[in-house]
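**Student:** Quick check, what structure comes out for this input:
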Amino acid sequence: MKQKDFIFIIVVLIVFSPFFWSADLYEGYKTFNGNHGMIMAFVKFAILATLGEVIGLRIKTGNFNQKGFGILPRAIVWGFLGLTIKLAFVIFATGTPNFLAYIGLDKAGEVMKGDFNSTKLLVAFCISATMNLIYAPVMMTFHKITDTHILDNGGTLTGFLRPIKFKEIFVKLDWGVQWNFVFKKTIPFFWIPAHTVTFLLPVDWQVLFAALLGIMLGVFLAIAAQLGQKK
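**Tutor:** Below you'll find the model as predicted:
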């Protein structure tokens with residue numbers, strides 16, 4: 001671990017530690033989060049998921065930033081994706097229990113409001129599985145497209161605002177890595193179990209925990225990039 005790593009850790013601790021030792025700040029966060037869930041979803045993912053990409057870049061290149069990486073455009077993309085993730089949480093946390101009740105698991109929605117038990121774990125797993133099998137591949141592919149767009153335009157905000165060449169980028173994506181690693185390995189072996197835990201948490205904490213998991217996504221992106229380079 002180098003000096004810049006210690007500095008990075010210290011800066012992160014300075015930024016986030018007030019929420020742990022200040023009761024007033026923490027209560028203010030809970031109130032604002034409860035009243036403005038979509039705004040906070042944007043903020044959480046813009047900060048935490050981008051932080052994950054920065055850590056991923058450090059793993060990949062040895063640096064927390066470099067020319068063309070585009071931290072600000074990435075934060076904007078993650079903020080937007082945070083809105084869609086919050087939307088997916090609401091849709092699947094509501095729709096999946098209704099479907100389970102439809103096929104015979106009575107009161108699947110009500111069990112999620114009660115104490116932990118095996119049925120609640122099963123429902124949380126089903127919510128996570130349906131969300132990650134239906135929504136996650138689309139989100140991950142969109143993120144890869146925007147990531148490529150940012151890099152192709154030098155990581156600048158001006159370049160980011162240019163029209164995205166979806167067709168050209170889609171064709172050029174490394175589908176071997178996207179399918180064999182991102183989809184086949186991270187979704188069943190990490191994201192479905194991790195989001196099962198997410199849906200067992202209180203609603204106000206779910207998006208925050210998901211955003212914290214975005215740090216792991218940064219690591220996965222770094223690994224995927226390295227796998228692509230080895231081909």
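**Student:** Following the chain onward from the lengthiest helix in the chain, which element is next?
**Tutor:** If you go by DSSP state H, the chain has its longest helix at helix 71-102. Downstream of helix 71-102, the first helix or strand assigned by DSSP states H and E is helix 108-111.
**Student:** starting at the chain centroid, how far to the longest helix of the chain?
**Tutor:** Relative to its chain's centre, helix 71-102 lies at 10 Å (CA atoms, centre = their mean, to the nearest Å).
**Student:** show me what contacts residue 172?
**Tutor:** residue 148 (CB atoms under 8 Å, 6 or more residues apart in numbering). Just so you know, the C-beta spots here come from the backbone N, C-alpha and C atoms, and that holds for glycine as well.
**Student:** separation between it and residue 161?
**Tutor:** 21 Å (CB to CB, to the nearest Å).
**Student:** Kindly report the same for residue 86.
**Tutor:** 24 Å.
**Student:** Which one of those two is surrounded by more residues?
**Tutor:** The residue with more neighbours, out of residue 86 and residue 161, is residue 86; 22 against 11, by other CB atoms under 10 Å.
**Student:** For the nearest residue to the more buried one once chain neighbours are set aside, the count of nearby residues, please.
**Tutor:** Nearest residue to residue 86, sequence neighbours excluded (CB to CB, 6 or more residues apart in numbering): residue 41, at 3.8 Å. Residue 41: 25 surrounding residues under other CB under 10 Å.
**Student:** so what's residue 41 up against?
**Tutor:** Here residue 41 is in contact with 82, 83, 85, 86, 207, 211 (criterion: CB under 8 Å, 6+ apart).
**Student:** Centre of the chain to stretch 125-139, how far?
**Tutor:** Using CA atoms, centre = their mean, the offset of stretch 125-139 from its chain centre is 12 Å.
**Student:** sorry, that was for stretch 26-46
**Tutor:** The answer for stretch 26-46 is 16 Å, by CA atoms, centre = their mean.
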